[in-house]
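**Q** Okay, sequence plus prediction incoming.
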Amino acid sequence: MLELLKWPEGKTPFLIRDDDISFFTRSEMLSDLYSHAWRKGFVVTLSVIPYISGDISPFPGSGFEKPPFSLEYEPCIPPFARGTAGNHKIRDNLELVSFLLEGRKKRVCDMTLHGLSHERSEFLTGDIGQIERILDDAVKMFFETFSFQPKVFVFPYDRGSDSALDSLRQRGMSICRSPLLRTRTPSLVNRVLSKTRLRRLPSYKFVDDITEFYHNMPAFSHHLGFRTGYDTLFEVAKKEFLIRRAQNDLFCLGQHYWEFFFDWEEHVTHNALLKALNVFLDYVESFDVWKTSLNEVSEWLYTFHNILVRRIDKNEMFMKTKLPIRSLSFRTLGTCKIQGIESELIDKGEGIWTLGNIPENTSFRVISH
């Protein structure tokens, strides 16, 4: 049986999503937290708040509104700024912006859009006009700060209305949110290829649909660790990672950097939590994963799902690319060969074959023997 693999070289995508990057974030917090991850080659996707409000209350049920924490305002805001009027623009933290841009250049981090001000209600409204105005401001501020358009959107508190989803669809943006809070059917599912006619693989064209990335596990977080223990968090993460890998699905680890410095101390205060994270990353590295970012995965899926495929039989496929593709991978019990293209098929072992550097508008056949 010849199988087209969804991901480059058949590797499971591994992503780290860290929320609430704002004017208040100190670059040393990120470098202290992710120095081990970066040495290992992992990429951290940072969800950026263009300007953050200083008077947001804790999310009900988060655990921060009752003992042992009992905070009047959101813990993603440092103590000295809680309750302050006005908004704090990330672009005014010039040192942080420079640090993030340099990290993106080195491919240790990437940035996505995390709402506008992190107010919990700003994307819950059904008023499409209001949502459009908020998104216009958010996208404009993001671009003015980082000089590139955001491709992926992260809802504040993982919550958004259907009107907000429709607006994101029209803008060609993908989203990342919790699987427990989704309101629509997930896009990242495997479909059976048609055996009788030419058809498109599951569509992820952003003009037609939203690509949705879901958290696959509880975050490595202080309040979760406080209740369950960090060893338990590691075991849960390990179990879910193995499930996702077996399903050839992506794995997204979600967390908040500020929880490692509770309550906004100068250095990491929860060393057991950081150790659990690093041990988990060491475990993941023992597998051949694709260390990537949300932006890279969304770009890949956009390209991948612009491939037209016709299955001739169980051992042969006809394919046509609309966009240039850096690599396609196939799995088969036998050997692979191609017809109609000069690119070389490379045997990667374990039944995986990879075809690299495929030009746009190219038609070819893949045959398994």
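**A** Yep, that arrived. Numbering: from 1, shown residues only.
**Q** buried sites along the helix ranked longest in the chain?
**A** For the chain, the helix reaching the highest residue count under DSSP state H is reported as helix 128-146. Applying a neighbour-count criterion of 16 or more other Cβ atoms under 10 Å, the buried positions in helix 128-146 are 131, 134-135, 138-139, 141-142, 145-146. Just so you know, the C-beta spots here come from the backbone N, C-alpha and C atoms, and that holds for glycine as well.
**Q** go on, stretch 272-283?
**A** By neighbour count, with 16+ other Cβ under 10 Å as the criterion, the buried positions of stretch 272-283 are 273-274, 276-281.
**Q** Show me what the helix or strand harbouring Ala276 is packed up against.
**A** Assigned by DSSP states H and E, Ala276 belongs to helix 271-285. For helix 271-285, the packing partners by 3 or more Cβ pairs under 8 Å, 6 or more residues apart in numbering; DSSP states H and E come out as helix 27-39, helix 222-228, helix 230-246.
**Q** List of residues touching that helix?
**A** Contacting residues not belonging to helix 271-285 are listed as 14, 33, 36-37, 40, 42, 220-222, 225, 230-231, 233-234, 237-238, 241, 253, 255, 259-260, 268 [Cβ atoms under 8 Å, 6 or more residues apart in numbering].
**Q** Rebuild the helices and strands packed on helix 271-285 as JSON lines, extending it with mean pLDDT.
**A** Formatted as JSON lines, those follow (pLDDT from 0 to 100):
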{"stretch": "helix 27-39", "mean pLDDT": "98"}
{"stretch": "helix 222-228", "mean pLDDT": "66"}
{"stretch": "helix 230-246", "mean pLDDT": "86"}
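**Q** Figure out which of those helices is closest to Ile307.
**A** Ranking those by their distance to Ile307 (criterion: Cβ to Cβ) puts helix 230-246 first, at 22.9 Å.
**Q** next structured bit after the closest one?
**A** In the C-terminal direction, the helix or strand that comes right after helix 230-246 (DSSP H and E) is strand 251-256.
**Q** could you give the angle of that next one to helix 271-285?
**A** Using axes from the mean of the first three to the mean of the last three Cα atoms, to 10 degrees, the direction of strand 251-256 lies 160 degrees away from that of helix 271-285.
**Q** Parallel or antiparallel, list what pairs with strand 251-256.
**A** strand 13-21 (parallel) (DSSP bridges).
**Q** Can you give the distance from the strand it pairs with to the centre of its chain?
**A** With Cα atoms, centre = their mean, to the nearest Å as the basis, the distance from the averaged C-alpha position of strand 13-21 to the chain average is 6 Å.
**Q** can you check stretch 296-316 too?
**A** Taking Cα atoms, centre = their mean, the mean C-alpha location of stretch 296-316 is offset from the chain mean by 20 Å.
**Q** Offset the numbering so it begins at 300, please.
**A** Right, with 300 as the first residue, what we last looked at is stretch 595-615.
**Q** Which helix or strand contains the closest residue to Leu434 other than its chain neighbours?
**A** In this structure, Leu434 finds its nearest non-sequential neighbour in Ser466, 6.0 Å apart by Cβ to Cβ, 6 or more residues apart in numbering. When secondary structure is defined using DSSP H and E, the element that contains Ser466 is helix 461-470.
**Q** Summarise which helices and strands the following helix or strand past that helix is packed against.
**A** Going down the chain from helix 461-470, the next helix or strand is strand 473-476, by DSSP H and E. Packing partners of strand 473-476 (3+ Cβ pairs under 8 Å, 6+ apart): strand 451-453, helix 461-470, strand 511-513, helix 593-603.
**Q** quick one on the thing from earlier: can I have the buried ones of the contacts of helix 570-584 as a PyMOL selection?
**A** Selecting the buried subset of these in PyMOL, with 16+ other Cβ under 10 Å as the burial test, is done by:
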select buried, resi 313+332+335+336+341+519+520+521+524+529+532+533+536+540+552+554+558+559
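**Q** Report the contact partners of the residue nearest the centre of the chain.
**A** Nearest to the mean C-alpha position of the chain, counting by Cα atoms, centre = their mean, stands Leu593 at 3.3 Å. For Leu593, the contacting residues are 314, 316, 344, 409, 411, 450-451, 473, 475, 512, 551, taking Cβ under 8 Å, 6+ apart as the criterion.
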